[in-house]
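K.L.:
Can you look at this prediction? I've put the sequence above it.
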Amino acid sequence: MGVRTLQADTTAEAYLQLLKDRGIDVFLGNAGTDFASLVEAFARFEADGRGAPRPLLVPHEFVAVSMAHGYYAAGGRPAAVMVHVNVGTANASTAIITASRANVPVLMTAGRTPITEEGLPGARDLHIHWAQESFDQAAMLREYVKWDYELRTPVQLESVVDRALELMLAEPRGPVYLTLPREVLAARPGALTITSPSRRQAASERYPDPARIDEAAGVLVRAERPLILVSAAGIDHRAVAGLVDLAEAGGIGVVEADPIYLNFPHGHPLHLGYNQSGATNPSLAEADAILVIEADVPWYPALAKPAADATIMHLGVDPFFSRYPMRSFPCDVPIAATPAAALPLLAEAVRRHVDRHAVAIRGERLAAEHRQRHAAWQELALQQASRSTIGFAWAARCVGELADEDTVVVNEYPLDRRFAAFDRPGSYFASPHSSGLGFGLGAALGVKLARPESTVIATVGDGAYFFGEPLSCLYAQRAHALPVLTVIFNNQQWEAVKFGALGVHPDGVAKARGRFPLSELTPSPRFEELARAVDGYGERVESPGELPAALKRGLAAVRDGHPAILNVQCQRVV
Ligand SMILES: Cc1ncc(C[n+]2csc(CCOP(=O)(O)OP(=O)(O)O)c2C)c(N)n1
């Protein structure tokens, strides 16, 4: 058992060294006067070369947390975020909701206004120190973090940090929130001895109930039209391989339900497409057994459901989505387990019992369906190539064509995966279903931070772009050498809001008059000109034929180290 003495002048110095010791390499900060001793500590580390997390200033808290989110999703390593007291916490809250719903761990921390009005180093000396105090600062986030606490004394430093990290990494994972009062950070605790490496390991895979695996395998083997619906298993690349193995073992078609990662290769003959609101997958109604994997909303009961007698099974770390207040999908067979652990066991059990001949015949039928569906999508996208305005299917196809071994797409616009072929695990990330708009720009920066060797493309709607704090993102791209190609699919409106109105009032006045108040984004800004503010590359694209070459120019600029923005004028559906 190792022990280490931290050479620290203040608690802040000890804290940062402890984070580094625990594997936190990145510290995304949006500072205020509460950071006094952290600023001093980072300056000292810079001067004397002691190990500490890399500090990156991010000019908006929402972006900082979104970066931490993308950083974890792409690299599997959590980051620390620190914001300024209650006000910074409020700015970060939307991104914390998103991380929480996506089970993404973030060490979310905030200063806490000085407790004392005089008498201690760090005591109050500005008006804000009174006005920024909350009765319960953590209350703002409590519903969306797994744990919150305040560091009350330096003596507790190691225990508190280890508790935070342990709970953030225990399954199901998620953000935790720690507040750090200014006096505690400024205190001089003397040498602190810590256990190193930590003896508070939390990462532990959840293995499934063997009886449920047998039961599920039996259902899949007996079914004539078994189907897998998957949404978020692909954050773990092993789950993608496990899913391919299971699908092939049982001759089972796979549909991605509003995927937020690449879960199953688009080009695999058992990939039967996608299920999304407004585009129900035909396989859903045909299935007599459905295995739902890490999918909070596998289908929309108000729009389309599986057959009433289809057997429904749910596999996931928390297949009940316990933190969702209401969710009533039928579940005949629950399998609470890490998909990467459960899928090989399930594949093995299926393989033991399956009729190989029947699987081969079904496989051929599904491959034919795959070819037919894919050909229809391709045709639809290609039809849009010769239009005078840019259609979304064509735009998605062009982005898909751009993807190569080095590219990663972070999507926050309705990039319809039917038209954009992604096959590599980790090549695609989408906004989690809580959909706090603006996620995509910051998440793309986090992906770039985790994978500097990749070229990152952020695809966003013009609405999403506004929400993403674009200037903060452009600043961070240049300041921290994280250039990203941002493709804005600009329909000059909030089309989702229009669809919402039409869905609830299909014969309303808004439809009859073609007027949808509170959903027009005109006059649309010349978004491409923002790139100039950070010595980047910007271009406006108006016709389908121009798009492939424009995307290549944008990509070249990014590979050259410059942020790039393409303002793509898209056709309105409504
Ligand atoms: C923080 C936040 N505010 C508001 C919304 C509601 N909302 C959902 S989609 C949307 C419009 C998005 O516009 P855009 O990105 O241009 O895509 P489009 O709807 O045009 O396809 C809005 C405002 C939200 N999801 N999150």
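P.N.:
Sure thing, it's come through. Numbering: from 1, shown residues only.
K.L.:
Grab the nearest non-local neighbour of Pro181.
P.N.:
Leaving aside its chain neighbours, Pro181 sits nearest to Arg112 (4.3 Å; criterion: CB to CB, 6 or more residues apart in numbering). The C-beta positions use only the backbone N, C-alpha and C, and glycine is treated the same way.
K.L.:
hang on, I meant Ala342
P.N.:
Pro208 (4.4 Å).
K.L.:
Let me know the distance separating the residue nearest to Pro181 from the ligand.
P.N.:
Here the criterion is CB to the nearest ligand atom, to the nearest Å. By it, Arg112 lies 26 Å from the ligand.
K.L.:
Near that residue, how many other residues are there?
P.N.:
As a burial measure, Arg112 scores 25 neighbours (other CB atoms under 10 Å).
K.L.:
just checking, it touches Phe35?
P.N.:
No. Between Arg112 and Phe35 there is no contact under CB atoms under 8 Å: 11.7 Å.
K.L.:
The residue in the stretch 101-250 of the chain that the ligand sits nearest to: what's its closest spatial neighbour, skipping adjacent residues?
P.N.:
Nearest to the ligand, among the residues of the stretch 101-250 of the chain, is Arg101, at 12.4 Å (CB to the nearest ligand atom). Spatial nearest neighbour of Arg101, excluding adjacent residues (CB to CB, 6+ apart): Ser434 at 4.0 Å.
K.L.:
Quick check, that neighbour in contact with Thr98.
P.N.:
Yes. In this structure, Ser434 is within contact of Thr98 by CB under 8 Å, at 5.1 Å.
K.L.:
The two: who's more crowded?
P.N.:
Ranked by neighbour count (other CB under 10 Å), Ser434 and Thr98 place Thr98 first, with 28 against 16.
K.L.:
Which elements pack onto the helix or strand harbouring the more buried one?
P.N.:
Taking DSSP states H and E as the criterion, the element that holds Thr98 is helix 85-101. Applying 3 or more CB pairs under 8 Å, 6 or more residues apart in numbering; DSSP states H and E, one finds that helix 85-101 contacts helix 61-75, strand 80-83, strand 107-112, helix 439-450.
K.L.:
Now whichever helix or strand comes after the third one: buried residues?
P.N.:
Downstream of strand 107-112, the next assigned helix or strand under DSSP H and E is helix 128-131. Along helix 128-131, these residues count as buried under the neighbour rule (16 or more other CB atoms under 10 Å): 128-129.
K.L.:
And the longest helix along the chain, what does it pack against?
P.N.:
Longest helix of the chain, by residue count under DSSP state H: helix 356-383. For helix 356-383, the packing partners by 3+ CB pairs under 8 Å, 6+ apart come out as helix 237-250, strand 271-275, helix 392-402.
K.L.:
Mind listing residues that contact the last one?
P.N.:
Judged by CB atoms under 8 Å, 6 or more residues apart in numbering, the contacts made with helix 392-402 from elsewhere in the structure are 377-378, 380-382, 384-385, 387, 409, 414-422, 457, 459, 487, 489, 544, 547-548, 551-552, 555, 568, 570-571, 573.
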